[in-house]
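Novice: What would the 3D arrangement of this be:
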Amino acid sequence: MLINFPYVERDTPVHRLDVRAKLLFLVAFSLMVAQTSNFWFMLVAFLLAAFYYQQCHLHWRETRAAWRFVIVLNIMIVLGNFFLTNGAVVRGVDVASFHVLTHIPFPGFISHAPYLSIISLPISVESLVFLLTQALRNFSIAFLAISFPYTTNPGHIASGIKGLGLSDWIAYAIELSFRFLPSVGRDFSTTLDAQRARGFELDKLRGGIFGKIARLAPLIVPLVIGSILGAEDIISAMELRCFGVGKRTWLYEAHARHSDIALITLCIIAFACVTTCNILGGFSSFSIFHALHTQGIPASWLH
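Specialist: Numbers count the residues shown, from 1 in each chain. Okay, here's the model as predicted:
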């Protein structure tokens, strides 16, 4: 049986929003923050996303698991990107103009044998601001992404997406995707408990990394097979109900209110403005347009 993310039923401004408004806001916001690495733009976006999340009135104990995953993943992405590029890939900044603060030794690749050595990794103002900007972008998107499943009734997702003019197949596929991860997580926990009852100890795996992966077969194989069988059951159930043969009716019909229409309109206008500025900034040095192509670091930070 499929399960959903733990929907928290409350009467908040975000809970009352239409599914389409929340989904379009998430997509438009993600596309906007992905178009620039300007620190001030990202700071404003982060504060806006934080205010939106605050309006959900979600407690830490309710979203703790999701936030732990996001925090660990964000740290891995930001630091991994910095070290893999030697801190030299910063959007909108000439590498030659870096304001280096210090150097630290770090394992890196070189052009001759043995191709791996200890190199001097520069720590600059630009790279640190870029790290902070990346972290703000990821956390901003996480504020909206985490709030969506916790504030949206699972029974309204498919009908809301259908209200965007998409087909029944797409609407139901998106709804099933929201149920996939929680269902796999439930199956993983069940399988792990069953194997532990048979003497399988995950903490006592021996051997190298490949040996440990091979010894995880009692856990991975049942999980994969169970997911495949579950997918086949869903397909059979949909075929027995003639899904896709005719026009489908939904128990819940989405109805946009004035607040939903206002949010959707603002998302469209904001996305159009940011995209236009980003495109024009590539051809013009005018400060308003070109700002999205710079880091926006104050001159006082560079001295």
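Novice: Just the strands from the protein, written as ranges.
Specialist: 100-109, 116-124 (DSSP state E).
Novice: By mean pLDDT, which helix or strand of this protein comes out lowest?
Specialist: Every helix and strand of the chain was ranked by mean pLDDT, DSSP states H and E. The lowest is helix 209-215, at a mean of 67.
Novice: And the strands of the chain: which comes nearest Ser177?
Specialist: Set against Ser177 and scored by Cβ to Cβ, the strands of the chain come closest in strand 100-109, at 37.7 Å. Backbone N, C-alpha and C define where each C-beta goes, glycine included.
Novice: For that closest one, name the packing helices and strands.
Specialist: The contact analysis (3 or more Cβ pairs under 8 Å, 6 or more residues apart in numbering; DSSP states H and E) places strand 100-109 against strand 116-124.
Novice: elements contacting the strand it packs on?
Specialist: With contacts defined as 3+ Cβ pairs under 8 Å, 6+ apart, the packing partners of strand 116-124 are strand 100-109.
Novice: neighbouring contacts of the strand it packs on?
Specialist: With contact meaning Cβ atoms under 8 Å, 6 or more residues apart in numbering, strand 100-109 is reached by 83, 86, 115-125, 128.
Novice: Who does it pair with, and is each partner parallel or antiparallel?
Specialist: strand 116-124 (antiparallel) (DSSP bridges).
Novice: Report the buried members of the contacts of strand 100-109.
Specialist: Buried by 16 or more other Cβ atoms under 10 Å: 121-122, 124-125, 128, out of the contacts of strand 100-109.
Novice: Including distance to Leu73 and pLDDT, could the contacts of strand 100-109 go into a markdown table?
Specialist: Shown next, in a markdown table, are those (distance: Cβ to Cβ, whole Å; pLDDT from 0 to 100):
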| residue | distance to Leu73 | pLDDT |
| --- | --- | --- |
| Phe83 | 16 | 77 |
| Asn86 | 22 | 66 |
| Tyr115 | 29 | 71 |
| Leu116 | 27 | 76 |
| Ser117 | 30 | 74 |
| Ile118 | 28 | 77 |
| Ile119 | 27 | 74 |
| Ser120 | 29 | 76 |
| Leu121 | 23 | 76 |
| Pro122 | 26 | 76 |
| Ile123 | 23 | 80 |
| Ser124 | 25 | 79 |
| Val125 | 26 | 80 |
| Leu128 | 20 | 84 |
